[in-house]
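Visitor: Got a predicted model here, sequence first, then my questions.
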Amino acid sequence: MAGEFEGRGVIVTGAGSGIGRAAALAFAARGARVLVADLNAVAAETVVKEIDETGGTAVAVTGDLSEQAVVDQVTRTAVERFGGVDVLVNNAGIMDRMSALADVSDAEWERVIRVNLTAPFLLTRAVLPHMLAAGRGAIVNTASEAGLRGSTAGAAYTASKHGLVGLTKNLAVMYRKQGIRANAIAPGGTATSIVVDADREAHGPAALGPHFVNAGRLAEPEEQAAAIVFLASDAASNINGVVLPVDDGWSAV
């Protein structure tokens with residue numbers, strides 16, 4: 001299990017499935033000690049078991065990361081079990097209903113912003129003091145093609161991912177002199193378990209339909225995870241404030 005992350009403590013959110021699971025397994029395979037954070041307890045424990053069975057070290061924390069108490073538990077557990085936090089991967093997220101702005105309910109807006117933007121803010125804020133004390137750290141956020149353009153999702157999801165891109169860049173500037181890097185990936189379509197609960201006859205989905213024609217092939221979660229691991233690694237030591245599209249060229253169309 002020896003590797004480039006040997007002995008380092010890594011938090012991955014949304015690690016029970018999809019991109020998060022692939023990232024957790026990839027970090028563990030490179031020697032990291034991984035905290036698997038997910039809303040689904042069974043899924044989180046399953047990933048921990050997978051890591052344990054390959055000789056790695058992992059622990060699960062379950063709960064809604066938009067709640068401060070859960071954020072505190074994740075941070076406390078990582079520090080107690082691993083001695084600190086070297087890498088934070090803010091990957092957990094939810095889709096909206098592809099709703100155009102006039103059709104977005106308060107509930108849809110508040111939930112998507114809370115999970116996709118506020119939760120990464122809360123966890124990053126909680127982890128930063130430990131990274132600052134260590135004089136180093138890498139933060140990788142899972143943004144989206146929707147964080148680069150306005151034509152891939154509804155108003156709430158698009159706003160949340162644009163916000164996450166801005167948060168990433170601000171972090172990079174604010175803390176680069178303290179040895180902390182912040183980057184993001186912007187996935188295109190990826191084979192995950194996220195389900196879009198959209199009314200295809202509504203204005204939003206109908207308007208967005210033509211924009212997916214040149215979206216490229218569907219990525220595997222492991223392809224997104226490879227980009228996350230690279231951005232967190234020492235090989236990316238001078239890469240800071242970057243939003244990396246992992247989208248088969250969709251962003252170039």
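Guide: Noted; the coordinates are in hand. Computed from a predicted structure; not experimentally measured.
Visitor: which ones are touching residue 189?
Guide: Going by Cβ atoms under 8 Å, 6 or more residues apart in numbering, residue 189 touches 212, 215-219, 247, 250. Bear in mind the C-beta positions are built from the backbone N, C-alpha and C, glycine included.
Visitor: any idea how far it lies from residue 217?
Guide: Going from residue 189 to residue 217 by Cβ to Cβ, to the nearest Å gives 8 Å.
Visitor: Quick one: buried ones out of the contacts of residue 189?
Guide: 215-216, 219, 247, 250 (16 or more other Cβ atoms under 10 Å).
Visitor: quick check, nearest of the residues you listed to residue 4?
Guide: residue 219 (23.0 Å; Cβ to Cβ).
Visitor: hmm, back to that, now for the contacts of residue 189, which pair is the farthest apart?
Guide: Greatest spacing in the contacts of residue 189, by Cβ to Cβ: 212 and 219 (14.3 Å).
Visitor: In stretch 232-252, which residues are buried?
Guide: 232-233, 236, 240, 242-248, 250-251.
Visitor: can you give me phi and psi for residue 35?
Guide: Here is the backbone geometry of residue 35 (degrees, to the nearest 10): phi -90, psi 120.
Visitor: brain fart, residue 82
Guide: According to degrees, to the nearest 10, residue 82 has phi -110, psi -10.
Visitor: Surely residue 132 is in contact with residue 125?
Guide: No - with contact defined as Cβ atoms under 8 Å, residue 132 does not reach residue 125; the gap is 11.5 Å.
Visitor: next structured bit after the longest strand anywhere in the chain?
Guide: Using DSSP state E, we find that the single longest strand of the chain is strand 180-187. Using DSSP states H and E, the next helix or strand after strand 180-187 towards the C-terminus is helix 203-208.
Visitor: so how far is that following helix from its chain's centroid?
Guide: 26 Å (Cα atoms, centre = their mean, to the nearest Å).
Visitor: I'd like to know which elements the next helix or strand along the chain from it is packed against.
Guide: As assigned by DSSP H and E, the chain's next helix or strand after helix 203-208 is helix 221-232. Packing partners of helix 221-232 (3 or more Cβ pairs under 8 Å, 6 or more residues apart in numbering; DSSP states H and E): helix 18-29, strand 87-90, strand 137-142, strand 180-187, strand 243-246.
Visitor: average pLDDT for the last one?
Guide: The average pLDDT for strand 243-246 rounds to 98.
Visitor: Okay, now the sheet partners of it, with direction.
Guide: strand 180-187 (parallel) (DSSP bridges).
Visitor: still on that earlier bit, which of the contacts of residue 189 scores worst on pLDDT?
Guide: residue 212 (76).
Visitor: Can you name the residues that contact that one?
Guide: 152, 189 are the contacts of residue 212 under Cβ under 8 Å, 6+ apart.
Visitor: again with residue 246
Guide: Residues near residue 246 by Cβ under 8 Å, 6+ apart: 185-188, 219, 223-224, 227.
Visitor: For stretch 49-61, output the C-alpha coordinates as CSV.
Guide: Output of stretch 49-61 as CSV, limited to C-alpha atoms (Å, rounded to 0.1, in the frame of the first residue of the first chain):
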residue,chain,number,x,y,z
LYS,A,49,-14.7,-2.4,4.0
GLU,A,50,-13.4,-2.4,0.5
ILE,A,51,-10.4,-0.3,1.6
ASP,A,52,-9.8,-2.5,4.7
GLU,A,53,-9.8,-5.6,2.6
THR,A,54,-7.0,-4.3,0.4
GLY,A,55,-4.8,-3.4,3.4
GLY,A,56,-5.7,0.2,3.6
THR,A,57,-7.0,2.4,6.5
ALA,A,58,-10.4,4.1,6.4
VAL,A,59,-13.1,5.3,8.7
ALA,A,60,-16.7,6.3,7.9
VAL,A,61,-18.7,9.3,9.2
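Visitor: Since that was my last question, I'll sign off now.
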